[in-house]
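K.L.:
next one to model:
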Amino acid sequence: MEKVNSKNKVYNSNFEIAIRILVILLNLPFKRASTYKLMVLDHMSLNTYDVGGPASLHAPIPNRGVQIYSRKEILNESIKLLISKDLIIINPNKNGLLYEITENGINYLTYFESKYFNQLKEKVEWTSEKFGKLSDGDLKILILRKHT
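P.N.:
Below is the predicted model of the structure:
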């Protein structure tokens with residue numbers, strides 16, 4: 001039996017989360033978001049059914065609410081990867097740092113074509129439409145209500 005190398009994993013890898021971040025940013029009204037908003041919208045996009053939406057992209061697992069915070073480190077690594085490739089930029093404002101998709105990031109997404117990617121886009125579009133305009137504070141309140 002071959003041992004799985006964690007460096008070769010795809011699901012929830014830096015690369016997969018980076019792609020999801022780009023799709024989320026592309027679908028937000030101002031094409032920018034805080035780390036917290038990206039973290040929450042990423043979770044909601046994968047688990048749309050949990051927040052009153054269509055069937056979730058991934059099968060439900062127990063205690064998936066903790067996944068929001070357990071991915072923070074890998075989300076930050078994914079953000080660093082995107083910045084290093086000029087796919088997003090840092091946009092400082094009075095409330096902290098926001099990450100904004102660049103033209104390169106928008107163009108990069110045009111190269112993805114698969115059933116899974118199209119389903120991901122649909123879930124992100126729904127999530128962004130429903131929750132994309134909420135502030136970080138409003139998202140925190142929503143998450144606390146859903147997972148307590």
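K.L.:
so which bits of the biggest helix by length in the chain are buried?
P.N.:
Using DSSP state H, we find that the single longest helix of the chain is helix 115-131. For helix 115-131, the neighbour count (16 or more other CB atoms under 10 Å) marks 120-121, 123-128, 131 as buried. C-beta: built from backbone N, CA, C; applies to glycine.
K.L.:
okay, buried residues for the helix or strand that it is followed by please.
P.N.:
Following helix 115-131 in sequence order, the next helix or strand is helix 136-146 (DSSP states H and E). Buried residues in helix 136-146, counted by 16+ other CB under 10 Å: 136, 139, 143.
K.L.:
format these as JSON lines; extra columns: distance to M44.
P.N.:
Below are those laid out as JSON lines (distance: CB to CB, whole Å):
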{"residue": "D136", "distance to M44": "14"}
{"residue": "L139", "distance to M44": "9"}
{"residue": "I143", "distance to M44": "9"}
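K.L.:
just give me the closest of these to I19.
P.N.:
Closest approach between the buried residues of helix 136-146 and I19, by CB to CB: L139, at 21.5 Å.
K.L.:
check contacts around that closest one.
P.N.:
L139 is in contact with 36-37, 40, 131, counting by CB atoms under 8 Å, 6 or more residues apart in numbering.
K.L.:
what does N14 give?
P.N.:
74, 77-78, 81.
K.L.:
just L98 next, same as before
P.N.:
Shown in contact with L98 (CB under 8 Å, 6+ apart): 32-34, 90-92.
K.L.:
top of the contacts of L139 by neighbour count?
P.N.:
If you count neighbours using other CB atoms under 10 Å, the busiest of these is V40, which has 24 neighbours.
K.L.:
name the nearest residue to it, sequence neighbours excluded.
P.N.:
Spatially, and ignoring its direct neighbours in sequence, V40 is nearest to L139 (4.8 Å; CB to CB, 6 or more residues apart in numbering).
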